[in-house]
Structures are given as C-alpha cells and as structure tokens.
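K.L.:
how would this look folded up:
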Amino acid sequence: MPRTSEGQITMEKTPSYFVTKEAPRRIYNMSRDTKLIVVVRNPVTRAISDYTQTLSKSPGLPGFQALAFKNLSTGLIDTSWSALRIGIYAKHLEHWLRYFPVSSFLFVSGERLVSDPAREVGRVQDFLGLRRLVTDKHFYFNQTKGFPCLKKPEGGGGRPRCLGKSKGRPHPKIDPQVIQRLQDFYRPFNLKFYQMTGQDFGWD
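P.N.:
Down below sits the predicted model:
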C-alpha cells in the first residue's frame, strides 16, 4: 500500500482478497483500522457470470452443468470448482471475523448496485465518513450494457464512464433445474451469511 497522509483515503481493490485465507491476517497486521467493503451478489448468478467470463477466454470449456456437478443424477455439487466455491460467502467471512469485527465491513448488494446505484454508493460514502457528493444525478442506465453508467460532474465534459467490454455479457442458457439445485445448495449458506452480516440480500 502507498504511504497515506492525514486526511487521505487509500483504496485497493482485489476481489480475490475475500476468498484468500492469508489475506485477513496480512491486512490486520498492516492496519487493524482498515475499512473493508465487500460487494456480493446472488451466488448462483455470480457462478454463471464467472463461467461466462472464463468461457469467453477458453471457448472449449465444458458446459456449465458438467463443471457444476460431480454427479448429475444424484445432484452432487462440485464445490472444488472455484466458480461455485467463491459464492459460499459465509465460509469466507468466518476467516475475516477472526481478525476484524463485523463493524469493519460494509456489504454492498451487487443487485442494488445495478437497480439503485446512488443508494449503494451513498452507503459507501457514509461508511467511509465522506460527504455524499455522488448522488442519483450522476447515474444513468445504459440499456445496451444492462448496467448504470457514471456521468461526469457538471462542467467536467467528457464521455460517461461505463463498465468495460467484459461486463454485461449475455449469459448462456442454463437448465432451470440446475439453477434450482444450486439455489437449494446455497440457501443454508446464504441464510448464515444474512445472520452474520445482519443483512438480508433477498437471494431466495
């Protein structure tokens, strides 16, 4: 992390921190006052999105269903596949809570970040102790991408800032029974995550 002077906020974002066992201890040893922001979405949607991104780089990848199940007839989920393992949020959070209290975290809903970006960004600003400078007037919904884009400040000029090409890809069609089986699998982990965070993300 770069040196940070009084009054500055230094931010670093790497999604794999949340699922890396060594990360909580290392960050705690660096600064136990670190504020931690975790963006989460429905783990089934997250897994399909993860698969879609990998498929774009490796077109010969087996089908989603083949990777998701150890045994399709019994419905046994293959939790060794990282696309599915990452979505077991409660297990990952347990590692972090050994070092940081839950008050050190802000859990941002990935779904609400799309449907109501100003509200979620407002929560981030509050959590960081910042004035609410970014509001709903800074966002517009891009129909093509299916995501909100950030407008430049008044008089700032320039084009709006939208998510890159890798975001908003159409997902492959997945058998509804496969999705149902995954929802059933994640349900107890989701409920535990809601209890741990004090937030119901409404994924069921």
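K.L.:
Name the SS class of residue 25, please.
P.N.:
Taken by DSSP: H, G, I helix; E, B strand; the rest coil, the conformation at residue 25 corresponds to helix.
K.L.:
ok, now which ones touch it?
P.N.:
residue 99 (CB atoms under 8 Å, 6 or more residues apart in numbering). Quick note: C-beta positions are derived from backbone N, CA and C, even for glycine.
K.L.:
chain center to stretch 43-61, what's the gap?
P.N.:
How far stretch 43-61 lies from its chain's middle: 15 Å, per CA atoms, centre = their mean, to the nearest Å.
K.L.:
What lies in contact with it?
P.N.:
40, 64, 67-68, 82-84, 86-89, 110, 166, 169-172, 174, 179, 182-183, 186, 189-190, 203.
K.L.:
buried subset of these?
P.N.:
Among these, those classed as buried by 16 or more other CB atoms under 10 Å are 40, 64, 68, 83-84, 86-89, 110, 174, 179, 182, 186, 190, 203.
K.L.:
quick one: which of those is nearest to residue 102?
P.N.:
Nearest to residue 102 among the buried ones among the contacts of stretch 43-61: residue 89, at 13.0 Å, using CB to CB.
K.L.:
Quick one: distance of the longest helix along the chain to the chain centre.
P.N.:
Longest among the helix segments of the chain by residue count, using DSSP state H, is helix 176-197. Between the centre of helix 176-197 and the centre of its host chain there is 15 Å, according to CA atoms, centre = their mean.
K.L.:
Which residues belonging to that helix are considered buried?
P.N.:
Those would be 178-179, 181-182, 185-186, 190, 192-194, 196-197, for helix 176-197 by 16+ other CB under 10 Å.
K.L.:
Can you give me the neighbour number for the spatially closest residue to residue 136 that is not a sequence neighbour?
P.N.:
Excluding the flanking residues, the one nearest residue 136 by CB to CB, 6 or more residues apart in numbering is residue 118, at 3.7 Å. Residues lying near residue 118 (other CB atoms under 10 Å) number 15.
K.L.:
Do I have it right that residue 118 meets residue 140?
P.N.:
No. Assessed by CB atoms under 8 Å, residue 118 is found out of contact with residue 140, at 11.0 Å.
K.L.:
And residue 122, how close does it get to residue 135?
P.N.:
7 Å (CB to CB, to the nearest Å).
K.L.:
neighbour count winner among the two?
P.N.:
residue 122 (16 against 12).
K.L.:
where does that one fall, phi/psi-wise?
P.N.:
phi -60, psi -40 (degrees, to the nearest 10).
K.L.:
That one is in contact with residue 133, isn't it?
P.N.:
No. Counting by CB under 8 Å, residue 122 sits too far from residue 133 to count as a contact (10.0 Å).
K.L.:
Show me where this structure has its strands.
P.N.:
Ranges of strands in the chain, per DSSP state E, are 36-40, 69-71, 76-77, 105-109, 139-142, 147-150.
K.L.:
can you put these in JSON lines and add distance to residue 54?
P.N.:
Listed next are the strands of the chain as JSON lines, based on distance: least, CB to CB, whole Å:
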{"stretch": "strand 36-40", "distance to residue 54": "19"}
{"stretch": "strand 69-71", "distance to residue 54": "17"}
{"stretch": "strand 76-77", "distance to residue 54": "18"}
{"stretch": "strand 105-109", "distance to residue 54": "24"}
{"stretch": "strand 139-142", "distance to residue 54": "24"}
{"stretch": "strand 147-150", "distance to residue 54": "20"}
